[in-house]
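**Q** I would like the atomic coordinates for the input below:
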Amino acid sequence: MNYVFGPVPSRRLGQSLGIDTIPLKTCNWNCVYCQLGRSVPLTSERREYFPRADILAEVEQVLAAHQTGEIDWVTFVGSGEPTLYSGLGWLIRQVKVLTSLPVAVITNGSLLYLPEVRDELSAADAVMPTLDAGNAWLYRQINRAGPRFTFDRLVEGLCLFRQTYPGKLWIELMLIHGMNDTEESLQELALILNHIQPDQVHITLPVRPPAEAWVRPSDETGLQRAEEILGKIVPLSIPAASEAQVVRVVDLTETILSVVTRHPMREEELLILLVRWSAEEVRAALEDLQSRHKIQTVERDGRSFWSAAAAHYPTK
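**A** From the prediction side, this is the model:
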């Protein structure tokens, strides 16, 4: 499969069938915490990176191969920013013709200021944009967006989308130690969230290998501070990690490559995810992929992750 992967366990969406419409790593942001490494270079052009008919054919094939209950959500989650794919709205609507499963889009939200993007995403059952900062300076420090994607434009797009979107608007907040988990930063975020009025805020932590080695997840004190300040404004969710397993996978090597390209993982996580195979089989597949320069190991905070060989992780 070139465009569809999983289903894989999601901390927010249960068993999620992923649809990836863009090449690694196509993004207009360069977030310090991104699990896919740095965006080199930044990309701001919306276009049809892959034929939409080919993507839809894969989705139809995979949906037909799974039984009821094996997939909870169909999720557009790219190797970068999904809304850079110009056929996204068409794909969302076509997928909803194929299945009654709910459709989600995980996005940085940077293009929601565009009416056409808001219209495209309006067909999804849940949209999960990013908001990591309550002011322009911190936004630049964390998300490192391309020049035209300003903080004001981000907030404007989120507010405009909220006014007309009938589905679930779930803001994603990556909480980083010493950056956006301080009293001042969280109070500023609370003001913005009060203005947007999302249905929920999903607080997440950089548990995958961040692009920048110095990034650390917020500690228990920071999480409690966020709950106390933001919880007064909007319902919060701090999802627990899932240990669900991949189902109905035929080719082990292809599955490993597909998963770690979008979600870098530690070996022990892969062994749980791929419990249908023995540890020896999983390790042999990892060695094979590494010998063919398809995957790499990334060291972060004393832990080793498997990721796509093409992803760029600076060591300093």
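
**Q** so residue 5 is in contact with residue 257, correct?
**A** No - counting by C-beta atoms under 8 Å, residue 5 does not reach residue 257; the two are 9.2 Å apart. For glycine as for every other residue, the C-beta is placed from the backbone atoms N, C-alpha and C.

**Q** of those two, which one has the most company?
**A** Remark: of residue 5 and residue 257, residue 5 carries more neighbours, 25 against 20, as counted by other C-beta atoms under 10 Å.

**Q** pretty sure the more buried one is in a strand, no?
**A** Yes - counting by DSSP: H, G, I helix; E, B strand; the rest coil, residue 5 is part of a strand.

**Q** if I pick the residue nearest to residue 196 when sequence neighbours are not counted, what's in contact with it?
**A** What sits nearest to residue 196 in space, not counting adjacent residues and going by C-beta to C-beta, 6 or more residues apart in numbering, is residue 158, at 5.0 Å. The neighbours of residue 158, taking C-beta atoms under 8 Å, 6 or more residues apart in numbering as the test, are 109, 112, 129, 131, 171, 196, 198.

**Q** shouldn't residue 158 be within a strand?
**A** No - Residue 158: not assigned to a strand; according to three-state DSSP it is helix.

**Q** now do it, the pLDDT please.
**A** You'll see residue 158 listed with a pLDDT of 98.

**Q** state the distance from it to residue 151.
**A** 11 Å (C-beta to C-beta, to the nearest Å).

**Q** residue 285 now?
**A** Plainly put, residue 285 is 43 Å away from residue 151 if you go by C-beta to C-beta.

**Q** swap in residue 308?
**A** Applying C-beta to C-beta, the value for residue 308 to residue 151 is 30 Å.

**Q** low-scoring stretches of the stretch 151-300 of the chain, by residue?
**A** Where the stretch 151-300 of the chain drops to pLDDT under 70, the residues are 239-250.

**Q** what segments of it are helices?
**A** Here the stretch 151-300 of the chain has its helices, by DSSP state H, counting those that start in this stretch, at 151-164, 183-196, 220-230, 252-262, 267-273, 279-291.

**Q** do the stretch 1-150 of the chain as well
**A** Ranges of helices within the stretch 1-150 of the chain are 52-64, 88-98, 115-121, 136-143, based on DSSP H, counting those that start in this stretch.

**Q** export those to a markdown table and append columns for distance to residue 276.
**A** Below are the helices of the stretch 1-150 of the chain laid out as a markdown table (distance: least, C-beta to C-beta, whole Å):
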| stretch | distance to residue 276 |
| --- | --- |
| helix 52-64 | 17 |
| helix 88-98 | 26 |
| helix 115-121 | 35 |
| helix 136-143 | 38 |
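
**Q** tell me which of the ones you listed lies nearest to residue 252.
**A** helix 52-64 (16.6 Å; C-beta to C-beta).

**Q** who are the contact partners of residue 33?
**A** Residue 33 makes contact with 142, 174, 176, 206, 210, 211, 212, 215, according to C-beta under 8 Å, 6+ apart.

**Q** measure residue 79 to residue 181 for me?
**A** Residue 79 sits 28 Å away from residue 181, going by C-beta to C-beta.

**Q** higher neighbour count, these two?
**A** More crowded of residue 79 and residue 181, by other C-beta under 10 Å: residue 181, with 23 against 20.

**Q** can you report how many residues lie near the closest residue in space to that one that isn't next to it in sequence?
**A** Nearest residue to residue 181, sequence neighbours excluded (C-beta to C-beta, 6+ apart): residue 222, at 3.4 Å. By other C-beta under 10 Å, the residues close to residue 222 number 22.

**Q** ok, residue 222 touching residue 175?
**A** Yes - with contact defined as C-beta under 8 Å, residue 222 reaches residue 175; the gap is 6.1 Å.

**Q** circling back to that earlier point, let's have the helices of the stretch 1-150 of the chain in a markdown table, adding mean pLDDT and distance to residue 300.
**A** Compiled in a markdown table, the helices of the stretch 1-150 of the chain are given as follows (pLDDT from 0 to 100; distance: least, C-beta to C-beta, whole Å):
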| stretch | mean pLDDT | distance to residue 300 |
| --- | --- | --- |
| helix 52-64 | 96 | 31 |
| helix 88-98 | 98 | 31 |
| helix 115-121 | 98 | 32 |
| helix 136-143 | 98 | 17 |
